[in-house]
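> sequence plus predicted model, see below.
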Amino acid sequence: MGRAKTILGMLAATTVLLAACGTNDRAEAEPELRHITYLTGFGAAGRDAYAWMAREKGYFREAGLDVEIKLGAALSDNLQALAAGQADFSMLDLVGGFIMAGQGKYTDFRAIAAVHQQTVVSIVTPADGPTKKPADLAGKTIGAATGSVNQALFPAYAKRAGLDPKSVRWVNASPQQVPALLAAGRVDALSTFLIGRPGIEKAAGKPMTVLPYEEFLPDLYGNGIVTSTKLLESDPDLVRRFREAAMKGLADTIADPKTAAALLHKDHPASSAEAAEAEIRLMTPYTEPLGELDPEKVTRAIKVLTDTGLFPAGLTAEQVIAS
């Protein structure tokens, strides 16, 4: 009996030892992931679906990252969150960020990737209405999100299009309420992203005409990914890994919009998978080359913004994009 107890004890000890070794092996195989927070540009929309795709495909995990995706509020709110350390990365309109930096309001951020190689800010108006060209906006009422880049950029667009920017009247609302302004007949047009057209058409129940700002402002970027200068300086490798994983997610999103939209909708059922898929398809022509930020183009964009009086000269590309 004593011999049996001894053997059983040895077996138990061996089992514990093997279990411990297995735990150590798993710990080596699966290093602890770095938790970071990503803010969407605003809400849950197709333009941000790549983040869900990158997470679903395991690209973030392969990069050693545990990415928490939070819904952003808008340009200035997202920049505030970065400045306060409440987020590590965010999507936002890059031109809006340049304007904020040029005006000295937010300077501690850097763009690390462009999602849209060209601005997608546009005038969206009912196809059955009288507005067919920029000049037709004179005397009209335009809706826009409060504090948005759409309204900030309008004077530059209007001047180049031959329209007096003071000839229009603005109605502001929270970003989620902007489509309702048009649907309710409170405004004649919206200044918003052209890739949001499917959602606007769904809300208004009719087709829309789109007048893109890019027709007169060709050197401006659209949405992109930014991070804080603090994180970029303290952990450039983390920033690089996030960027690479995000761009893999963007490539897969462009290749399979339906799956990307479904992943977004799964996390946020209130969002329309159909509208998200349509938005991804609309933005696809604006995404190549994936992620690229050209310092010369950024310099030209800054010149457009200073020439139209949005902020004084002096801002450089190095102050707004990662080198």
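Received, thanks.
> so what's residue 253 up against?
Contacts for residue 253 (Cβ atoms under 8 Å, 6 or more residues apart in numbering) come out as 49-50, 53, 260, 280. (C-beta placed from N, C-alpha, C; glycine too.)
> helix or strand: which one has it?
Here residue 253 sits within helix 236-255, counting by DSSP states H and E.
> who are the contact partners of the residue lying closest to residue 116 once chain neighbours are set aside?
Leaving aside its chain neighbours, residue 116 sits nearest to residue 222 (2.7 Å; criterion: Cβ to Cβ, 6 or more residues apart in numbering). Neighbouring residues of residue 222 by Cβ under 8 Å, 6+ apart: 93-95, 114-121, 193, 286.
> one more pass at 10 Å, please.
Shown in contact with residue 222 (Cβ atoms under 10 Å, 6 or more residues apart in numbering): 41, 47, 93-95, 114-121, 149, 193-195, 213-214, 283, 286-287.
> that older thread, next, the angle from the helix or strand following the helix holding residue 253 to helix 236-255.
For helix 236-255, the following helix or strand on the C-terminal side (DSSP H and E) is helix 257-267. Calculated by axes from the mean of the first three to the mean of the last three Cα atoms, to 10 degrees, helix 257-267 forms an angle of 120 degrees with helix 236-255.
> any buried residues in the helix or strand just after helix 257-267, and which?
Downstream of helix 257-267, the first helix or strand assigned by DSSP H and E is helix 273-283. For helix 273-283, a neighbour-count test (16 or more other Cβ atoms under 10 Å) marks 273, 275-283 as buried.
> quick one: mean pLDDT for helix 273-283?
For helix 273-283, mean pLDDT rounds to 93.
> for that helix, C-alpha coordinates in CSV please.
What follows is helix 273-283, C-alpha atoms only, in CSV (Å, rounded to 0.1, in the frame of the first residue of the first chain):
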residue,chain,number,x,y,z
ALA,A,273,-24.9,46.8,-43.4
GLU,A,274,-26.4,47.8,-46.8
ALA,A,275,-25.4,51.4,-46.5
ALA,A,276,-22.0,50.5,-45.1
GLU,A,277,-21.3,48.2,-48.0
ALA,A,278,-22.4,50.9,-50.5
GLU,A,279,-20.2,53.4,-48.8
ILE,A,280,-17.2,51.1,-49.1
ARG,A,281,-17.8,50.6,-52.8
LEU,A,282,-18.1,54.4,-53.3
MET,A,283,-14.8,55.1,-51.5
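> okay, buried residues for the helix or strand just after it please.
Following helix 273-283 in sequence order, the next helix or strand is helix 295-307 (DSSP H and E). Buried residues in helix 295-307, defined by neighbour count with 16+ other Cβ under 10 Å: 297-298, 301-302, 304-306.
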